[in-house]
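Engineer: I'd like to go over a predicted model; first the sequence, then the structure.
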There are 2 protein chains.
Amino acid sequence: MRRETLDDNLARIQDLLDEMGPEVTTAFRHASSALLDGRERLAEQVIARDPMIDDLRSRVELLAVETMNIHAPVVGPLRSVVAAIRCAHQLERMGDLAAHIAEIARRRSPNAVPEIVRPLFREYGTLVGAMGEKAVTVLRTRNVVLATELGADDEQVNAVHRRVFEVMFGDEWAEGVPAAVDTALLARFHERFADQAVSMTERVIYAVTGQQPDALSF
Amino acid sequence: MRRETLDDNLARIQDLLDEMGPEVTTAFRHASSALLDGRERLAEQVIARDPMIDDLRSRVELLAVETMNIHAPVVGPLRSVVAAIRCAHQLERMGDLAAHIAEIARRRSPNAVPEIVRPLFREYGTLVGAMGEKAVTVLRTRNVVLATELGADDEQVNAVHRRVFEVMFGDEWAEGVPAAVDTALLARFHERFADQAVSMTERVIYAVTGQQPDALSF
């Protein structure tokens, strides 16, 4: 049996990340759809699949440590392996956030989001979902140019975030306290998902270029 | 000049973590005090000091990668180095959460927490602050027995968390929507800080014992 080379191991780590990425973006898309369209079964599915994402994270980590132990990679590949561990954690966290959204969607189904902020959450879901997909594409392709788009996307997300809070704190809010609290948490989960997508992308860039993200106008 | 040994490097990484830990626990204690006692200047101090914690995280990571690159440690110390990177990220995140609490404390000063939930937040702050300190002690001393306490602490934290929401959703809440939203976010930041403390401790145990935390009744 041929002994696995460092490149074999790096490829296996990348395969695991490429399996995690679409799991996480799908979880978010489904959670968002469950939230906006009252699809309770879809929410349950997101919650049920989350442990699979956690399991993939754990496999990335074990394989990364094994790789460093067996192959003692020099600084370039070493940076990739360390970045892979970090990205796996960020994907796991993004999966958790999608599951948190799904939990609220299930609990408040079929009208999880008050009518008055529903168009904002539709925009929010579309924007954040697209950011997740871009980040996962960057992780797969190491496309540094695509990575630079995430910064501008994040500003749009922050603008929607502020508008959600303006509506909740304005005179037209007639939904009461529990709906406001859940809406605030939903907004926070969307915002954090987007933050993690940006931060994961920065990680990939660092692994590719060796440059700290600050130097790349993030 | 004597070349640095692996042990020298591991000690330098531990020194950085031991510098980060107390910064983070102090940030939380100060944020909690700013919140409960309307100490606006203290809140500003927490926010101003947060970049220093981020900088320490970055130094841990650079030194860890350098250590793996130069010394190619075998699996035991390798696990420690990987755990150090992870713990530094968790401490950074705990610092962020303390800063988020301080931001709300500053914005709503001097009465950041409505009277009706103030005793709960006092309890919450004391519990979560103590968990942060235990986690930092575990990180410094690798005391596995102390680590096992965190699980029980976390259940107490969850009980307080639920009570905060019961009060907000009950008939006696007369504070309106904005205060409810900030209270919910404050509760979430406390809960996440505690979660990170537990999770960091699990990390340390894994580095020490090589056993996944599940096997240790977490």
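Structural biologist: Arrived safely, thanks for sending. Numbers count the residues shown, from 1 in each chain, chains lettered A, B, ... in the order given.
Engineer: quick check: buried residues in stretch A:177-194?
Structural biologist: Buried residues in stretch A:177-194, defined by neighbour count with 16 or more other CB atoms under 10 Å in any protein chain shown: A:177, A:179-194. For the C-beta atoms, the positions are set from N, CA and C on the backbone; glycine is no exception.
Engineer: just the helices in chain A please.
Structural biologist: Per DSSP state H, chain A carries helices over the ranges A:6-37, A:40-71, A:75-108, A:118-141, A:144-169, A:176-209.
Engineer: residue of chain A closest to chain B, please.
Structural biologist: residue A:72 (3.3 Å; CB to the nearest CB).
Engineer: you'd agree that residue is up against residue B:72?
Structural biologist: Yes - with contact defined as CB atoms under 8 Å, residue A:72 counts as touching residue B:72 (3.3 Å).
Engineer: for the residue nearest the centre of chain A, list the residues it contacts.
Structural biologist: The residue lying closest to the centre of chain A (CA atoms, centre = their mean) is residue A:94, at 3.6 Å. By CB atoms under 8 Å, 6 or more residues apart in numbering or on different chains, the contact list for residue A:94 reads A:24, A:27-28, A:132, A:193, A:196-197, A:200.
Engineer: repeat that for residue A:83.
Structural biologist: A:203-204, A:206-207.
Engineer: so which of the buried residues of stretch A:177-194 also contact chain B?
Structural biologist: By CB under 8 Å from any CB of the partner chain, the members of those lying near chain B are A:177, A:180-181, A:184-185, A:188.
Engineer: which of these sits closest to residue A:167?
Structural biologist: Ranked by distance to residue A:167 (CB to CB), those are led by residue A:180 at 9.9 Å.
Engineer: OK, contacts around the nearest residue to residue A:135 once chain neighbours are set aside?
Structural biologist: The shortest distance from residue A:135 to any non-neighbouring residue, by CB to CB, 6 or more residues apart in numbering or on different chains, is to residue A:197 (3.8 Å). Under the criterion of CB under 8 Å, 6+ apart, the neighbours of residue A:197 are A:94, A:128, A:131-132, A:134-135, A:150.
Engineer: what does residue A:165 give?
Structural biologist: Counting by CB under 8 Å, 6+ apart, residue A:165 has contacts A:184, A:187, B:181.
Engineer: what about the closest residue to the second one other than its chain neighbours, how many residues nearby?
Structural biologist: Spelled out, it's residue A:187. Using CB to CB, 6+ apart and skipping residues adjacent in sequence, the residue nearest residue A:187 is residue A:164, 4.8 Å away. Each residue near residue A:164 was counted by other CB atoms under 10 Å in any protein chain shown, and the total is 22.
Engineer: in this structure residue A:164 contacts residue A:120, no?
Structural biologist: Yes - with contacts counted by CB under 8 Å, residue A:164 reaches residue A:120, the gap being 5.3 Å.
Engineer: what residues does chain A have near chain B?
Structural biologist: Residues of chain A found near chain B (CB under 8 Å from any CB) are A:61, A:64-65, A:68-69, A:72, A:74-75, A:78-79, A:82, A:85-86, A:89, A:165, A:168-169, A:173, A:176-178, A:180-181, A:184-185, A:188, A:212.
Engineer: which of those are buried?
Structural biologist: A:61, A:64-65, A:68, A:72, A:78-79, A:82, A:85-86, A:89, A:165, A:168, A:173, A:177, A:180-181, A:184-185, A:188.
Engineer: residue contacts, residue A:169?
Structural biologist: B:177-178, B:181.
Engineer: so which of those residues are also by chain A?
Structural biologist: Subset of the contacts of residue A:169 in contact with chain A: B:177-178, B:181, counting by CB under 8 Å from any CB.
Engineer: adding pLDDT, write the residues you listed out as CSV.
Structural biologist: Shown next, in CSV, are those (pLDDT from 0 to 100):
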residue, pLDDT
B:177, 92
B:178, 92
B:181, 94
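Engineer: related to what we said a few turns ago, tell me the spacing between the residue nearest to residue A:135 and residue A:122.
Structural biologist: 19 Å (CB to CB, to the nearest Å).
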